[in-house]
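1. predicted model and sequence follow; I will ask about them next.
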Amino acid sequence: MHILPIYASLLAFLFVALSIRTIRARRSLRIGLGHAENPTMLRAMRVHANFAEYVPMALLLIFLVESSGARPVFVHLLGSALLIARLSHAFGVSREPENFRFRVFGMAVTFAVLLTCASYLFIATLAR
C-alpha cells in the first residue's frame, strides 16, 4: 500500500497556498526581494520558509518508514500528524499578534514526527 503520496500531495497543496500568500504579500507591500524590515512580509516569508525547511526531511523519513514495511496505521499517524502540525504552525505564526500555542504545538508535533521516524528507522535497522 502506498500511503505517503496522500500526505505528500496535501502538504504540496499547503506549500503552494503558502507560496501564493507570500507572493500576494510581496505584491501588496511592493517588496520585490527580502522583507524590507516589514513585519508582515517577514512573517509570511518565515511561515513559508519554515515549511520548506522541515517538510522535505519529514516526508523522506516517512517514506523510509513506509518502505521498511511499517504498519499502514503507523504511516497514516505520521502523515496526518505532520499535516496537522504544519497547518497549526502556519496558522499560529500567521496571526498578528502571533498565537504561540499553535506555533509551539506545530513545531512540537513536527519534531515528534521527525524523532519518531528516525528512532523507528534506527531501531529497525539495528534489529536486522
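-> It's in.
2. where does the chain have low pLDDT?
-> Filtered on pLDDT under 70, the chain yields the residue ranges 1.
3. output stretch 37-44 as CSV, nothing but the C-alphas.
-> Taking C-alpha atoms only, stretch 37-44 is exported to CSV below (Å, rounded to 0.1, in the frame of the first residue of the first chain):
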residue,chain,number,x,y,z
GLU,A,37,12.0,45.4,7.6
ASN,A,38,8.3,44.9,7.1
PRO,A,39,7.0,42.6,9.9
THR,A,40,4.0,41.3,7.7
MET,A,41,6.4,40.4,4.9
LEU,A,42,8.9,38.8,7.3
ARG,A,43,6.1,36.7,8.9
ALA,A,44,4.8,35.4,5.5
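4. same for the strand or helix carrying Ile6, what does it pack against?
-> Using DSSP states H and E, Ile6 maps to helix 4-29. Helix 4-29 sits against helix 39-67, helix 72-94, with contacts defined as 3 or more CB pairs under 8 Å, 6 or more residues apart in numbering; DSSP states H and E. Where C-beta positions appear, they are placed from N, C-alpha and C, glycine not excepted.
5. the longest one: how far from the chain's middle?
-> The gap between where helix 39-67 is centred and where its chain is centred comes out at 4 Å by CA atoms, centre = their mean, to the nearest Å.
6. noted, bye for now.
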